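[1] fold the following and give me the result.
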Amino acid sequence: MGKYFGTDGFRGLAGVELTSTHAFLIGRFLGYYLKKLKDRPSVVIGKDTRLSSYMLEYALASGLASSGADAYMLHVVTSPCVSFVCGSEDFDLGIMISASHNPYYDNGIKIVNSRGEKVGEELLDRIEEFLDSETELPSLKECDLGRIFDHSSGRNRYIGYLISLSRFSFKGKRVGLDLSNGGAFMIAKSVFEALGANVFVIGDTPNGTNINEGVGSTHIEALCNLVIDKDLDVGFAYDGDADRCIAVDEKGQVINGDYILYILAKAMKKSQELKGDLVVSTIMSSQSLSQALERLGVKTISTKVGDRYVYECMQECDGSLGGEESGHIILTKYATTGDGILTSIKIMEAMLEEKCTLSYLARGFSPCPRVTKSIRLKSKIFDFSPLECLNLTVGKDGYINTMVDGYRVLIRKSGTEPVIRVLVEGQDKEGCQALVTKIEEAIGNG
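    I've put the predicted structure just below:
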């Protein structure tokens, strides 16, 4: 990770750590960079519903145009929508303005290449170098300046694409959607209604400051209550930019990313769509997942946390299914990134194919007890030394992943915010909680 760009783009407190000046300079550099490769480069820009997204959107577009690139505005969309439009139309780069599951006062800038994939470290390093320099880029004559266009038609094409992916009608199914007051609020309901579902929605009234507030994939209890109260067949919750999906079954039980990987692996193996009988997961996945998949004849590969690393591994091993416990699910046949709405459609397909409930599909996988904790730091600097008193040491990959008295302990820095993520799993929840408490106390005393 660099000074500005982490595992999921440039993210920070809007107006303080990520300012309109940053956005303008990023646009300015990207336009200059692309202009050397192409006479009239074009960049598509999307944003979520945060108040600051509008400021950053126009700053980026202004920077691009001042360097000779054309900016196409998708307006409020999801991250996977930007990737889809960039990869299916003739755009040189795509930019999404979002801080995903973070509170409204944070924001971020994610950049994807012409195939809709996250750009490589080399370009990000060059952007960071420019941001920290006093380099003056050349001014352009008026006739060489870029233009700014409305491109809401791209969002409509994305909606049409999602609708086309389902092999089944959802008619008669009662579906709950939690749109997190985020980027999916103008997309997901339209898709499910077009497919025939009877849709019940929460988190669809964004006001600029309520994204992820008590709703969305990180506050799944709201959707659980909706499913039970309305007697729904299934529910799906997304995060602020809808690249994650967490499901809720008809009993109100949470179906997280590990369950989803298990369910889709089983369905894809049956339909012979699971390449190499392989699933790519991360170190955050339950130890029980690989065991459950092995019983299906499916092997797993584990990567570092981050959908970037999952996708890179899938490309290397020609995998068709991968994802994270947090709900990033990547289906390479259909997308180059995690797509929460796409994931929902494929779960619905599995239910309809088997003519069964989601809870039935989840049978065969039972995660071992675990406790997770996110510990917010006063700064982004943390050296793990306070944990030495518990004989916990950092491995070569920059995080702690070890066994302690029969419990797996995973401690890592967040790649998107000043937070330490702690995971302990083992034979009983009480023991997990006791160990998490010790770790939290050691960090607090450090």
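
[2] ok, residues contacting stretch 20-30?
    4, 10, 43, 55-56, 59-67, 69, 71, 93, 95, 109, 111, 126-127, 130-131, 137 (CB atoms under 8 Å, 6 or more residues apart in numbering). To be clear about C-beta, it is placed using only N, CA and C from the backbone, and glycine gets the same treatment.

[3] rerun that using 6 Å as the cut-off
    55-56, 59-60, 62-64, 67, 127, 130-131 (CB atoms under 6 Å, 6 or more residues apart in numbering).

[4] likewise for stretch 174-192?
    48-49, 76-78, 159, 162-163, 197-204, 206, 210-212, 215-216, 223, 226-227, 232-242, 341.

[5] okay, and which of those map to helices?
    159, 162-163, 223, 226-227, 341 (DSSP state H).

[6] out of the contacts of stretch 174-192, which end up buried?
    Neighbour-count burial (16 or more other CB atoms under 10 Å) applied to these gives 48-49, 76-78, 159, 162, 197, 199-204, 206, 210-212, 215-216, 223, 226-227, 232-242, 341.

[7] returning to what we had before: pick the one among the ones in helices among the contacts of stretch 174-192 closest to residue 385.
    residue 223 (39.9 Å; CB to CB).

[8] the closest one reaches residue 248, doesn't it?
    Yes: between residue 223 and residue 248 there is a contact under CB atoms under 6 Å: 5.1 Å.

[9] so for those two, which residues contact both of them?
    residue 235.

[10] would you mark the buried spots in stretch 402-409?
    404, 407-409.

[11] quick check: mean pLDDT of it?
    Stretch 402-409 comes out with an average pLDDT of 87.

[12] distance between that stretch and the chain's centre?
    28 Å (CA atoms, centre = their mean, to the nearest Å).

[13] hang on, the earlier thing: okay if I get the buried residues of stretch 402-409 as a markdown table plus secondary structure?
    Shown next, in a markdown table, are the buried residues of stretch 402-409 (DSSP: H, G, I helix; E, B strand; the rest coil):
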| residue | secondary structure |
| --- | --- |
| 404 | strand |
| 407 | strand |
| 408 | strand |
| 409 | strand |
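
[14] distance from the centroid: which residue in this protein tops it?
    The outermost residue of the chain relative to its centre, with distances by CA atoms, centre = their mean, is residue 141 at 39.7 Å.

[15] still on that earlier bit, state the pair within the ones in helices among the contacts of stretch 174-192 that is farthest apart.
    159 and 227, at 24.3 Å, using CB to CB across the ones in helices among the contacts of stretch 174-192.

[16] show residues contacting stretch 358-375.
    Contacts of stretch 358-375 (CB under 6 Å, 6+ apart): 234, 249, 251, 255, 259, 262-263, 286-288, 292, 350-351, 419-425, 428-429, 432-433, 436, 443.

[17] over to stretch 3-14?
    18, 52, 99, 106-110, 124, 128, 306, 415-416.

[18] buried stuff in it?
    For stretch 3-14, by 16+ other CB under 10 Å, it's 4-14.

[19] out of these, the closest to residue 330 would be?
    Taking the buried residues of stretch 3-14 together and measuring to residue 330 by CB to CB, the closest member is residue 8, at 13.9 Å.

[20] so of the contacts of stretch 174-192, which ones are in strands?
    Of the positions in the contacts of stretch 174-192, 76, 198-202, 234-238 sit in strands, assigned by DSSP state E.

[21] just the CA atoms of the helix or strand containing residue 189, as CSV, please.
    Taking DSSP states H and E as the definition, one finds residue 189 inside helix 188-194. Presented in CSV, the C-alpha positions along helix 188-194 are these (Å, rounded to 0.1, in the frame of the first residue of the first chain):
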residue,chain,number,x,y,z
ALA,A,188,-31.3,-3.1,-7.8
LYS,A,189,-35.0,-2.7,-7.4
SER,A,190,-35.4,-2.1,-11.1
VAL,A,191,-33.6,-5.4,-11.9
PHE,A,192,-35.6,-7.5,-9.5
GLU,A,193,-38.9,-6.1,-10.5
ALA,A,194,-38.1,-6.6,-14.2
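
[22] before we move on, the earlier item: in helices, which of the buried residues of stretch 3-14 fall?
    Per DSSP H, the subset of those in helices is empty.

[23] flag whichever of the residues you listed scores worst on pLDDT.
    pLDDT is lowest at residue 7 among the buried residues of stretch 3-14; the value there is 73.

[24] contact partners for the residue most central in space within the chain?
    Nearest to the geometric centre of the chain sits residue 243, at 4.0 Å (CA atoms, centre = their mean). Residue 243 makes contact with 79-80, 338, according to CB under 6 Å, 6+ apart.

[25] for it, give me phi and psi.
    When read as degrees, to the nearest 10, the backbone of residue 243 gives phi -90, psi 0.

[26] quick one: it from residue 268, how far?
    20 Å (CB to CB, to the nearest Å).

[27] lowest-confidence helix or strand of the protein?
    Lowest by mean pLDDT, DSSP states H and E among the helices and strands of the chain is strand 5-6, with a mean of 82.

[28] strands paired with that strand, and their directions?
    Its sheet considered, strand 5-6 pairs with strand 9-13 (antiparallel) by DSSP bridges.

[29] what comes up buried for the helix or strand residue 86 falls within?
    Following DSSP H and E, one finds residue 86 within helix 79-88. Within helix 79-88, the residues that count as buried by 16+ other CB under 10 Å are 79-87.

[30] can I get those in JSON lines with distance to residue 365?
    JSON lines is the format used below for these (distance: CB to CB, whole Å):
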{"residue": "79", "distance to residue 365": "28"}
{"residue": "80", "distance to residue 365": "26"}
{"residue": "81", "distance to residue 365": "31"}
{"residue": "82", "distance to residue 365": "32"}
{"residue": "83", "distance to residue 365": "29"}
{"residue": "84", "distance to residue 365": "30"}
{"residue": "85", "distance to residue 365": "35"}
{"residue": "86", "distance to residue 365": "35"}
{"residue": "87", "distance to residue 365": "32"}
